[in-house]
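from the sequence below, what's the structure:
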Amino acid sequence: MEQFKLKQKLADKDRHIRRLQNALRTAEHQVEVAASEQALRTRAVRDELAMSQSQVANLKRNWSVRSAADDETVTKLRSELATVTDEYNELATKYKHLTAAAKSAAEERKNLQGIVRQWDYLCKRLHVATKGRPRNDSDKKILATWSQFRKRVRK
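Numbering: from 1, shown residues only. A predicted model of the protein is given here:
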């Protein structure tokens, strides 16, 4: 009877480990995708921001040089300056949002690292409990995955 209970507990732990492994793989993939997309968006926003700043500076120079120009030209330049200033403000806002999203992705990655450490601990316990020779296929698969993970971490 006791042996049955232990086998049942071990099977429950195996299911739990498999669920954690699947959740970890999914979460790691999501973090990689989000971080990659975030980096691309951040780079694009920075480029747009730099271009807008250059345009604003250019318009300000042109506006100063042509201050004596006719009213139509001055009005047009002021309108363009206002448009570019609005675009600049939009890009600055996007940049702030992207920075917040990058911080959020970093926090999520930190949380996932905790899950990985817990999974690693559970696998070590399974390895010790089975003395490195698990009997059922699911334990063998878990320990094989863990072994590959440990090899990659050591590199």
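
which strands and helices sit next to the lengthiest helix in the chain?
For the chain, the helix with the greatest residue count under DSSP state H is helix 2-65. Of the remaining helices and strands, those touching helix 2-65 by 3 or more C-beta pairs under 8 Å, 6 or more residues apart in numbering; DSSP states H and E are helix 71-129, helix 137-154. Quick note: C-beta positions are derived from backbone N, CA and C, even for glycine.

CSV please, covering those helices and showing mean pLDDT.
Below are the helices and strands packed on helix 2-65 laid out as CSV (pLDDT from 0 to 100):
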stretch, mean pLDDT
helix 71-129, 88
helix 137-154, 88
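
out of those helices, flag the one nearest Leu20.
For the helices and strands packed on helix 2-65, the distance to Leu20 is smallest for helix 71-129, at 5.3 Å, taking C-beta to C-beta.

counting contacts, what elements does that closest one pack onto?
Using 3+ C-beta pairs under 8 Å, 6+ apart as the contact definition, the elements that helix 71-129 packs against are helix 2-65, helix 137-154.

for Val84, give me its contacts.
Residues touching Val84, when contacts are defined by C-beta atoms under 8 Å, 6 or more residues apart in numbering, comprise Ser52, Gln55, Val56, Leu59.

next, the contact list for Ala27, please.
When contacts are counted by C-beta under 8 Å, 6+ apart, Ala27 is found next to Glu108, Leu112, Ile115.

gap between Asp14 and Ile142?
Separation of Asp14 from Ile142 (C-beta to C-beta, to the nearest Å) stands at 7 Å.

neighbour count: those two, which is higher?
Between Asp14 and Ile142, Ile142 has the larger neighbour count (other C-beta atoms under 10 Å), namely 23 against 18.

got the contact list for the residue lying closest to the more buried one once chain neighbours are set aside?
Spatial nearest neighbour of Ile142, excluding adjacent residues (C-beta to C-beta, 6 or more residues apart in numbering): Ile17 at 5.5 Å. If you count contacts by C-beta under 8 Å, 6+ apart, Ile17 has them with Trp119, Leu122, Cys123, Leu126, Ile142.

so can I have TSV of these showing distance to Arg150?
Formatted as TSV, the entries for the contacts of Ile17 read as follows, by distance: C-beta to C-beta, whole Å:
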residue	distance to Arg150
Trp119	12
Leu122	13
Cys123	9
Leu126	13
Ile142	13
